[in-house]
Structures are given as structure tokens and as C-alpha cells.
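Peer 1: Model the following, please.
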Amino acid sequence: MGLLGFIVVFLILLAFGLPIAFVMLLSSTLYFLASGNPLFLRMIPEKMFAGIDVFVLLAIPFFLLAGEIMNKAKLTDRLFDFCNLLVGRIRGGLAQVNVVSSIMFSGVTGVALGDIASQGRMFIFAMERQGYDRPFSAAITAATALLGAIMPPSTMIIVYCAVTNVSVGAMFAAAVIPALMLGLFQMVQVQWIAWRKQYPKVEVEVTAWKLFTGFRDAFFAVAMPVILIRGIIVGWFTPTEAAAACVVYALFVSFFILRTLHIKDTWSILSVASMDTARLFFIISGAAAMSWVFAMENVPAVVQQLMSGVSTNVVVVVLVINLFFLFCGMWLDASISIILFSPIVAPLASAAGIHPVQLGIMLCMNCVLGNITPPVGNVLFAVANIAKIGIGPLTRAMLPYIVSGLLLVILIGLWPDLTLTLPRAFDLVRP
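Peer 2: Just a heads-up that it's a prediction; the model follows:
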């Protein structure tokens, strides 16, 4: 079986609806079975383990656990109330609350599906009850959930750092401004749509005392990502130590300060966090096995040769890389695209003068957009399932957010200071 046969088997298994990790492992196993050398089959478990045997990946289960603790401790409700005080009174206020709370909550979960699981159902039906149409409610909920995948701590950024050996601290610092810009773009779009369709305001009384108490209640959730990023940047923690510190912080706040968590809740917290970790690590190990197939077929060299033959002009390189990753994002999970193809495009980007940190944020943002594009966007399908809405109407409602996201991705590739200003300020990358 050659590369073409492998791709055909991969697409057939994908069309049958198998989980993506099983698709990668089954297609890789069939490839090596057809190779005629049974010794290759014995290497698959070794390749799978090597894919997850990266120290920095140990931060992922800790971040997921900390996020689940904060979610179970009802920090989402406190953030929602505070954001409602900040932006609820303007036209389309509840949609703006959706955006602002996702900006704040994204620093807790670190994954887009974490935001969907914690806030999706609450926002979609609350907005519909207030007079928003369901496609708009579902679309803005899906779009804002993407902030959780790019704002630190981001599991996708950690995966990129693991496969490219780039500093996690530099990547976390570089992600802050693009993530805030993505949220700002969404707020502007929501405001324009809200005025055009005359969506309602939220009637809420705002006083200095209410703002103070709202900030006090939401402070512990907002403080965690700030402490995390600050600790990594100034060298208090390694990324893995910072993730473990987040767990300790979340437990202390939830049990002893807020007192919204009880011993009986720990089992469900550990269950959810361990299942999420196992699911993600299974995908990473499957991608590692699949990358071995690509190496056997010399795919990295072929793709690199094709891309390098296009141009060395930075504008052309940025457009080619983004189109390639956007196409991959339509079919593959974001982490898989990062693992398989970021080492391939890195030399091409470097030759065009694109910094590895700048490239990483551009690729992660692009892969994030793949989560909301058919045919395999997992966030798209998760929101469609929650809202009980068809993929067609949801995709049409999401087009403005997809377009603005693509413009931001291109801007990241063409404007280095957008991503490198903060890392340079903290001496995390060379000037």
C-alpha cells in the first residue's frame, strides 16, 4: 500500500464516522500490514508512546484538571454576572456578555470544547429566550469558544511547543494580544448585527457597589491565568510546574475561600479531567503513528519541496501556509494538523523571515478556525448538537466570524510585532 492507498483508507474510515484517533491508528496499521514486514507492526506502540513521551505535555492534564475544578466550583456563574454588569446594558448585551465572559473564562479552560461544555447550553437558550434567533445565538457561542483554544493556557500551544521545541512562555505571551484582538473583532461584529436586527438589551442596574462585588466574586477566576502567565514569564515556574500550581490554586480557592466545592465532587472532577486527557493523548499518539507513515513515504520532503518552489516572498508564503492549514483544519483535528505539518512548514517560514513564535500563533489560530468549518469541525458539531440546529444554517451564521478570523490570521503572519511585542518585552525571544 502506497501513500495514495493510505489516504483512501483514511478517508473511507473517516467517512464511516470513526473517532479520528481510531482512523489514524487503523489506517496506519493497515499500511504496515500491506508493507509485508510484520516487524513494523511491533513498532506502532513504540511510536505511539514516543509521541506522548514529551515532558511539556505533562502540563495538559494539570490544566484540564484546574479548569474542571474551577468550572465545578461555579466560577462560570460569577464571571457571567460580572460581565453582565460590564456590557449587558448595550444593544445585543447578552451576546456581548457571551464574548466578554469567553475572553475571561478562556484562561481557565484552555480548550474550545471546554468553553462549549461549560457555557454553550446556558448562553444559547438564554439568548433565544430574550429574542435572539437560534442560528445567531449558536454561531456567536461557537465563535467565542475559540478564544479558549488560543488564550493561555492553551493545550494547542503546548502541543506546538512540544513538536517544535519553542518556548512555552514565549508562546503564551505571544498569544495574548491576538486572542484579545479576536475577541474585539467579535464584539464589533456582534454590535453591528445587534443594531441591524435590533436585538434587546439586558435590563440590569449598575452601581459602584455592584461593580465592586461583581469583580470581587469573579476575581479568583480572572486571577488564575494572570498568575500563570506571570509565573512562567518571570521564571517562577516551568510550564508543567505552573499547571500543577494552578491545580493547587483552584483547589484552595474552591474549598477554603469560595467554599463551593465539596469532597463528593472530586470523583466527577477527576473523571471528566482524566477522560479529556486520555482523549487528547490518544489523538496525539495516533498522530505520532500516522507521522511515521508520512516519514516512510517521504511526505515532509515532498510538501516542503512543493511549498518552497512557490516563492520566498513573505506575503505568498503566509497565504500558502494558511490555505494549506485551513484545508487541513477542515478535515483533521487541530492538534493533529499541528503535530503532522508544523515541522514541515517551519523551514519554509523561517526562510521567509517568519519567527517560530509568530508562526506558532498563526498556525494555532488557523487550526482554531478549522474547528468551526465543515466537514469535520468539532466545535461546529458540538454547538449544532446543543442548539438542535442544522449545520447549514449554523455555518451561514458563522461566516462573518470565520472571515474576521481569517483576516486576523493573515495579519499575524504579515505583522510580526502583533505576536512578538510581549515576548520581546519580557526577554523571552531575541529582538
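
Peer 1: Can you check the pLDDT for the most centrally placed residue in the chain?
Peer 2: Nearest to the mean C-alpha position of the chain, by CA atoms, centre = their mean, lies Ala149 at 2.0 Å. For Ala149, the model assigns a pLDDT of 73.

Peer 1: where do the strands sit along the stretch 101-250 of the chain?
Peer 2: In chain order, the stretch 101-250 of the chain shows no strands, with DSSP state E, counting those that start in this stretch as the criterion.

Peer 1: Residue ranges in it under the pLDDT threshold?
Peer 2: Across the stretch 101-250 of the chain, the ranges flagged by pLDDT under 70 are 105-122.

Peer 1: isn't the residue nearest to the centre of the chain right next to Leu369, touching?
Peer 2: No. Using CB atoms under 8 Å as the test, Ala149 is too far from Leu369 to be in contact (10.0 Å). Every C-beta, even on glycine, is put in place using the N, C-alpha and C of the backbone.

Peer 1: where do the helices sit along the stretch 151-300 of the chain?
Peer 2: For the stretch 151-300 of the chain, the helices defined by DSSP state H, counting those that start in this stretch occupy 155-164, 168-197, 208-233, 239-252, 266-296, 299-308.

Peer 1: How about Gln189, nearest residue that isn't a chain neighbour?
Peer 2: In space, and not counting its chain neighbours, Gln189 is closest to Pro400: 5.3 Å by CB to CB, 6 or more residues apart in numbering.

Peer 1: quick one: the one you found and Gln130, what's the gap?
Peer 2: Distance, Pro400 to Gln130, by CB to CB, to the nearest Å: 21 Å.

Peer 1: Flag every buried residue along stretch 394-407.
Peer 2: Of the residues in stretch 394-407, Leu394, Thr395, Ala397, Met398, Pro400, Tyr401, Ile402, Ser404, Gly405, Leu406 count as buried by neighbour count, 16 or more other CB atoms under 10 Å.

Peer 1: can you check stretch 267-286 too?
Peer 2: Those would be Ile269, Val272, Ala273, Asp276, Thr277, Leu280, Phe281, Phe282, Ile283, Ile284, Ser285, Gly286, for stretch 267-286 by 16+ other CB under 10 Å.

Peer 1: can you check stretch 216-236 too?
Peer 2: For stretch 216-236, burial by neighbour count (16+ other CB under 10 Å) applies to Asp217, Ala218, Phe220, Ala221, Val222, Met224, Pro225, Leu228, Ile229, Gly231, Ile232, Ile233.

Peer 1: Now do the same for the residue nearest to the first one when sequence neighbours are not counted: helix, strand or coil?
Peer 2: Pointing back at Asp217 there. The shortest distance from Asp217 to any non-neighbouring residue, by CB to CB, 6+ apart, is to Arg78 (4.3 Å). Following DSSP: H, G, I helix; E, B strand; the rest coil, Arg78 is assigned to helix.

Peer 1: burial measure for Arg78, as a count.
Peer 2: Close neighbours of Arg78, defined as other CB atoms under 10 Å, add up to 22.

Peer 1: Would you mind measuring from it to Gly93?
Peer 2: Separation of Arg78 from Gly93 (CB to CB) stands at 18 Å.

Peer 1: quick one on the thing from earlier: I'd like the helices of the stretch 151-300 of the chain as JSON lines, with distance to Ile338 appended.
Peer 2: Output for the helices of the stretch 151-300 of the chain, formatted as JSON lines (distance: least, CB to CB, whole Å):
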{"stretch": "helix 155-164", "distance to Ile338": "5"}
{"stretch": "helix 168-197", "distance to Ile338": "12"}
{"stretch": "helix 208-233", "distance to Ile338": "20"}
{"stretch": "helix 239-252", "distance to Ile338": "16"}
{"stretch": "helix 266-296", "distance to Ile338": "9"}
{"stretch": "helix 299-308", "distance to Ile338": "14"}
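
Peer 1: Out of those helices, which is closest to Cys83?
Peer 2: helix 208-233 (8.1 Å; CB to CB).

Peer 1: list the helices and strands that closest one packs on?
Peer 2: helix 59-72, helix 75-87, helix 93-109, helix 168-197, helix 239-252 (3 or more CB pairs under 8 Å, 6 or more residues apart in numbering; DSSP states H and E).

Peer 1: so which of these gets nearest Phe49?
Peer 2: Proximity to Phe49 (CB to CB) singles out helix 59-72 among the helices and strands packed on helix 208-233, at 15.9 Å.

Peer 1: Show me what the closest one is packed up against.
Peer 2: With contacts defined as 3+ CB pairs under 8 Å, 6+ apart, helix 59-72 has these neighbours: helix 93-109, helix 112-115, helix 155-164, helix 208-233, helix 239-252, helix 266-296.

Peer 1: can you dump the C-alpha coordinates of that helix into CSV?
Peer 2: Extracted C-alpha coordinates of helix 59-72, given in CSV (Å, rounded to 0.1, in the frame of the first residue of the first chain):
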residue,chain,number,x,y,z
ALA,A,59,1.1,20.3,31.7
ILE,A,60,-2.0,19.4,29.7
PRO,A,61,-3.7,17.1,32.3
PHE,A,62,-3.0,19.6,35.0
PHE,A,63,-4.5,22.5,33.1
LEU,A,64,-7.6,20.4,32.2
LEU,A,65,-7.9,19.4,35.9
ALA,A,66,-7.6,23.0,37.1
GLY,A,67,-10.2,24.1,34.5
GLU,A,68,-12.7,21.4,35.6
ILE,A,69,-12.2,22.3,39.3
MET,A,70,-13.0,26.0,38.6
ASN,A,71,-15.9,25.0,36.4
LYS,A,72,-17.4,22.7,39.1
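
Peer 1: average model confidence for that helix?
Peer 2: Averaged across helix 59-72, pLDDT comes to 80.

Peer 1: same question, stretch 352-372
Peer 2: Averaging the model's pLDDT scores along stretch 352-372 yields 87.

Peer 1: and if you look at stretch 380-391?
Peer 2: Taken as a whole, stretch 380-391 carries a mean pLDDT of 76.
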